[in-house]
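**Q** quick one: sequence and predicted model below, then my questions.
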Amino acid sequence: MILELKVQNYLFIDSLEINFKKGLNIIIGETGSGKSIILEAIQGLISSRLTTDLIKVGTKKSYLEGSFYTNKKIKQWLKEQELDENDESEIISVSREISEKGSRGRINGVLVPTKLIANLGELLLEIHSQSSEQKILNPKKQIELLDDFIGSKHNELCQQYKKDFLEWRKLVQKYEAEKSKINDKDKELDYLSFQIQELNSLELNDPEEENILKKQINNLSQLESSAKILEEINQSFFESENNVSFFLNSSVRKLSQSAKTDERLIPYAEQLNEINEQLNELIHEMNDLSNSSEEYIDIDSMNSRISQLQKIKRKHNVSTLKELIDLQEEMNQRIDYLKNLSENLESLETNCLKKQKELSVFSEKLSQAREEASKILSKEVGNQLPSLGLNGAKFEVSCQKTEKLTSDGSNKIEFFFQANAGDILRPLSKVASGGELSRITLILKSILGSDNSIIFDEIDSGTSGKVSRLIGERLFKLSTQCQVLCVTHQPLVAAFGDFHYLVNKIQSNNKTELKVDELGKDDEKIEALMDLMIGERDKILAKQYAQELIEESKFKKNEIQKTREPQHIS
């Protein structure tokens with residue numbers, strides 16, 4: 001239920017506030033007074049897109065804001081969107097701002113995508129006009145209306161069916177995809193087997209193998225350099241011409257020989273001999289170290305392994321051994337999957353058929369409820385057609401079974417209409433005029449009721465006085481179930497309103513401003529109805545007729561409230 005509408009710098013509106021109430025809210029005014037602008041502002045508030053041409057000339061931005069009473073469905077939606085910070089509040093605020101940069105929207109002060117506001121708008125308001133009644137011609141909308149008529153429990157079943165249907169479709173799509181792979185299975189299996197054989201031959205066990213090898217090569221390179229130095233020292237001591245060992249041995253012999261005749265040389269001979277022995281021992285130890293290094297230096301084989309690993313990484317477009325090992329595991333899993341594909345496909349097919357059978361039983365249950373309800377709804381709408389001036393007209397809800405399962409079940413629902421006696425029933429989309437569609441919509445809404453506010457824009461356009469009166473009665477009857485806003489220029493409809501809002505354009509100093517006054521007293525309402533009838537002419541007769549309309553509508557409204565039809569409840 002809409003409580004309040006605020007408008008600033010919108011078209012030729014400076015600032016405007018309207019407070020709506022529970023019941024039948026009538027928006028009236030002479031032709032061209034700007035009634036439609038109020039409706040456009042409400043539509044704009046809950047639409048997904050607003051254009052900059054709506055900004056009032058001479059200002060930089062427009063602002064729209066609406067306050068609404070919530071219900072369980074809206075609260076649940078707010079919770080799903082994580083916009084329920086104040087869960088105890090019964091009022092929700094929606095606002096829009098339009099500037100040269102575009103439009104922005106807020107729900108309860110939180111900036112949200114405008115598409116989200118449009119989704120919320122579907123829960124807050126229903127807007128009907130002769131130009132928008134094409135919705136009722138949509139087959140999907142017609143099946144929704146029939147399901148709504150059956151009731152909330154049936155709708156819950158419909159929602160569950162849709163979920164089950166989507167699960168089944170996903171299962172079928174998976175089956176189709178897997179089935180298409182059967183033909184390519186052998187080819188892919190041969191390719192993967194070749195690849196995995198190559199990877200297995202490399203014995204890839206350690207993700208750090210390459211780094212370990214590089215570290216070992218660096219260490220061994222140092223050992224190789226040391227071994228080379230030791231070899232050079234060994235050669236210079238033992239193997240080269242005039243080597244150190246030969247020279248020392250010769251010197252020791254000569255000095256020892258001379259010491260036999262010259263005692264002074266004895267200490268030097270002994271010391272030189274000791275040096276020679278120590279040097280020989282040192283050289284032999286160094287030679288042993290050099291020989292031991294040669295035993296385990298195998299850098300070439302290590303470099304070969306690293307080159308092998310880098311090549312296989314490039315082939316499979318990976319950068320690390322870990323990625324290669326993971327790929328190897330994935331290939332093994334894929335090979336196992338392909339080997340079991342036929343068995344998996346049979347299992348998928350069994351599940352698909354089982355789910356399809358369950359859906360068929362489910363859809364049959366929905367279909368039975370729809371077939372029964374279609375007859376009842378046809379009768380209820382048909383009985384009420386004369387009350388809106390459609391004498392001789394017939395209405396029928398056709399409910400036919402289909403072989404194919406859809407997200408709505410296995411029914412084709414179509415509304416048929418016969419405008420005149422002696423004619424035949426034809427699809428509503430092919431025979432009903434705009435006025436007839438509006439009246440049928442009004443009847444359907446009065447039967448089905450609504451959880452949100454309903455707005456009718458000149459639903460009485462092109463109708464006669466008698467029919468207009470009947471429309472007024474029907475609008476009031478509907479307003480006892482939910483809030484109704486009606487834009488009208490028909491005094492016969494306006495007289496049934498609980499609350500009246502008079503729209504006027506005021507022009508002064510080359511400026512146009514929109515003014516909306518809530519009419520509280522009967523005298524004010526009578527004056528407004530007079531203006532709708534004949535303007536400034538025959539005021540006495542017009543006033544008398546307007547007074548009669550007000551009194552007659554009060555009497556009729558009392559009768560309606562006493563004999564109010566119970567709202568359809570499942």
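**A** Received, thanks.
**Q** going on from the longest strand belonging to the chain, what's the next piece of helix or strand?
**A** Ordering each strand of the chain by length in residues (DSSP state E) puts strand 394-406 first. Sequence order places strand 409-418 as the next helix or strand after strand 394-406, per DSSP states H and E.
**Q** okay, angle between that next one and strand 394-406 too, please.
**A** Strand 409-418 runs at 160 degrees relative to strand 394-406, counting by axes from the mean of the first three to the mean of the last three Cα atoms, to 10 degrees.
**Q** within the sheet, what are the partner strands of strand 409-418, with directions?
**A** strand 394-406 (antiparallel), strand 426-427 (antiparallel) (DSSP bridges).
**Q** how far away from the center of its chain is the longest strand of the chain?
**A** Relative to its chain's centre, strand 394-406 lies at 31 Å (Cα atoms, centre = their mean, to the nearest Å).
**Q** check the strands paired with strand 409-418 for me and report the most buried one.
**A** Of all the strands paired with strand 409-418, strand 394-406 has the most neighbours on average by mean count of other Cβ atoms under 10 Å, namely a mean of 16. In this view, the C-beta of every residue, glycine as well, is placed from N, C-alpha and C.
**Q** put the alpha carbons of that strand into CSV.
**A** In CSV, the C-alpha atoms belonging to strand 394-406 read as follows (Å, rounded to 0.1, in the frame of the first residue of the first chain):
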residue,chain,number,x,y,z
LYS,A,394,-19.2,-14.6,-22.6
PHE,A,395,-15.8,-15.5,-21.1
GLU,A,396,-14.1,-18.9,-21.0
VAL,A,397,-10.8,-20.2,-19.7
SER,A,398,-9.6,-22.9,-22.0
CYS,A,399,-7.4,-25.5,-20.3
GLN,A,400,-5.9,-28.1,-22.7
LYS,A,401,-3.4,-30.9,-22.0
THR,A,402,0.0,-30.8,-23.8
GLU,A,403,2.3,-33.7,-24.5
LYS,A,404,5.4,-31.6,-23.7
LEU,A,405,6.4,-30.7,-20.2
THR,A,406,7.2,-27.0,-19.7
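**Q** what residues does it touch?
**A** Residues from elsewhere that reach strand 394-406 (Cβ atoms under 8 Å, 6 or more residues apart in numbering): 142, 146, 165, 356, 359-360, 363, 367, 370-371, 374-375, 377-378, 381-382, 385, 410-418, 425, 440.
**Q** contacts for stretch 299-316, please.
**A** Where contact means Cβ under 8 Å, 6+ apart, the residues beyond stretch 299-316 that reach it are 198-199, 202, 209-210, 213-214, 216-217, 220-221, 224, 319-321, 323-324, 327.
**Q** show me the shaky parts of the stretch 201-350 of the chain.
**A** Across the stretch 201-350 of the chain, the ranges flagged by pLDDT under 70 are 221-227, 230, 234-242, 245, 286-287, 289-297.
**Q** repeat the analysis, applying 90 as the threshold.
**A** Within the stretch 201-350 of the chain, the stretches with pLDDT under 90 are 201-310, 312-313, 316, 318-322, 324, 327-328, 330-349.
**Q** right, I'll leave it there.
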